[in-house]
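> I'll drop the sequence and a predicted model, then ask my questions.
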Amino acid sequence: MELIVSGVKKNYDGALTVTQLLAVEKVATPEYVTVSINEELVDQAAFETHLLADGDQVEFLYFMGGGRG
Amino acid sequence: MSFTDEQLERYSRNIILKEVGGKGQKKLLNGRVLIIGAGGLGAPAAMYLAAAGVGHLGLADADRVDLSNLQRQIIHTTSDVGLPKVESARLTIKALNPDVTVQTLEGLVTAENVSSLIKDYDFIIDGTDNFPAKFLINDACVIEGKPFSHAGIIRFQGQLITYIPHQGPCYRCLFPAPPPPDAVPTCRQAGVIGAMAGVIGSLQAMEAVKYLCGIGKPLTGSLLTYDALSMEFRKIKVTKRATCPVCGDNPTIVQPIDYEAPSCDLKP
Ligand SMILES: [Zn+2]
């Protein structure tokens, strides 16, 4: 299966859920990452069941808290 | 309102731009921008807005200038250490451009004061460093119908997005709730390069200038991310969440909320 993850085309073996992709991509603190698939934000509750499809465009959005201090 | 000779000279590089002109400069001089957090992001944002002739700037910050701030908070200088940040910032702005009126709040922005604070401004810049403040500003701006620029920086990375009422997603669409205290590192814990604050804070100032002049397209519906090490800017398209608790179809947040301050911020 081919996915475009953070703008980069990549191949993966077999079917993957969002949770599995987060693990394969070694995303730090996956419980606090927002995921968008084909420009739609996915509910956190659906990460474990949402199966990615060939050609999906996946983006990870991270909390960034700095600025003032 | 007509320009003085001094103003024509001071703002000549703005006025010569066909997108700005005298009309845009008047909009800037009549413009009101509130900068919450007079630190890494707020410093360059406030200085560029003051220099551009944004006539009314509000500054809110509870802290005093610390020596460790000067690595990135270029609105403060060594002799300002110990002064309230809003006072130090006000002095820099006044020296830079006496046309600018500065209003200051030396204190925390809270659920109680945020709505009355933002009410008088055309555009708000979130230059805060913690999630409770970022969610508070988002919610208040959505509820009061105020446009604002959200931004965050850490290490060699930064990101920002603009919210315009009824256009595109809000910060809470992207992140439905703040992370628990200490779950995600802050600049204080992880470090940041000063120029990162300069890059992202300047982009926030640019969004405010565009909004006030009514030119270009605001950074709505996309999160702009910047990675300094790879020198990559990316625009990630994001859409409004129908289930967003503040701007969604059935909002459950109808007034600003004070989240507990992160515990790491309580330590000196
Ligand atoms: Zn929203």
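Cool, the structure landed.
> got the contact list for residue 50?
Since you didn't name a chain, this refers to chain A. A:17-18, A:37, A:42 (CB atoms under 8 Å, 6 or more residues apart in numbering or on different chains). Where C-beta positions appear, they are placed from N, C-alpha and C, glycine not excepted.
> let's do chain B instead
Taking CB under 8 Å, 6+ apart, one finds B:57, B:93, B:96-97, B:100 in contact with residue B:50.
> ok, and the most crowded of the residues you listed?
Neighbour counts for those (other CB atoms under 10 Å in any protein chain shown) peak at residue B:57, which has 27 neighbours.
> Please identify the helix or strand for it.
Secondary structure assignment for residue B:57, by DSSP states H and E: strand B:56-61.
> Mind picking the one among the contacts of residue B:50 that's closest to residue B:164?
In terms of CB to CB, no member of the contacts of residue B:50 lies closer to residue B:164 than residue B:57, at 20.3 Å.
> Tell me who's in contact with that closest one.
Residues near residue B:57 by CB under 8 Å, 6+ apart: B:32-35, B:46, B:49-50, B:93, B:100-103.
> Double-check that residue B:48 belongs to a strand.
No: according to DSSP: H, G, I helix; E, B strand; the rest coil, residue B:48 belongs to no strand; its state is helix.
> how many other residues sit next to it?
Neighbours around residue B:48, by other CB under 10 Å: 19.
> And for residue B:88?
25.
> residue contacts, it?
Residues in contact with residue B:88 (CB under 8 Å, 6+ apart) are B:38, B:65, B:75-77, B:80.
> picking that back up, show the buried residues in the contacts of residue A:50.
Neighbour-count burial (16 or more other CB atoms under 10 Å in any protein chain shown) applied to the contacts of residue A:50 gives A:18, A:37, A:42.
> Would you tell me which one of those comes nearest to the ion?
When those are compared for distance to the ion (CB to the ion), residue A:42 comes out closest, at 15.1 Å.
> Identify the residue nearest that closest one in space, chain neighbours excluded?
When the adjacent residues along the chain are set aside, residue A:42 lies closest to residue A:35, with 4.9 Å between them (CB to CB, 6 or more residues apart in numbering or on different chains).
> Just after the strand or helix carrying that neighbour, pick out the following helix or strand.
Following DSSP H and E, one finds residue A:35 within strand A:34-37. Proceeding N to C from strand A:34-37, the next assigned helix or strand is strand A:40-41, under DSSP H and E.
> hmm, that next one touching the ion?
No: in terms of CB under 5 Å from the ion, no part of strand A:40-41 sits within range of the ion; the closest distance is 9.8 Å.
> where are the low-confidence patches of chain B?
B:186-188, B:261-268 (pLDDT under 70).
> my bad, should have said chain A
Chain A contains residues with pLDDT under 70 at A:66-69.
> Strands of chain A, residue ranges please.
A:2-5, A:8-11, A:34-37, A:40-41, A:57-61 (DSSP state E).
> The contacts of residue B:50: which two are farthest apart?
It's B:57 and B:96 that sit farthest apart of the contacts of residue B:50, by CB to CB, at 10.7 Å.
> show me the contacts for residue B:156.
B:192-193, B:196, B:227-229.
> Kindly report the same for residue B:89.
Counted by CB under 8 Å, 6+ apart, residue B:89 has contacts B:38, B:42-43, B:46, B:59, B:61, B:75-76, B:102, B:104.
> ditto for residue B:75
By CB under 8 Å, 6+ apart, residue B:75 lies in contact with B:38, B:42-44, B:46-47, B:88-89, B:92-93.
> and with 10 Å instead?
By CB atoms under 10 Å, 6 or more residues apart in numbering or on different chains, residue B:75 lies in contact with B:35, B:38-40, B:42-47, B:50, B:59, B:65, B:69, B:85, B:88-93, B:96, B:201.
> What about the closest residue to residue B:248 other than its chain neighbours, how many residues nearby?
Spatial nearest neighbour of residue B:248, excluding adjacent residues (CB to CB, 6+ apart): residue B:242 at 5.4 Å. Here the count is done by other CB under 10 Å, and residue B:242 has 11 residues near it.
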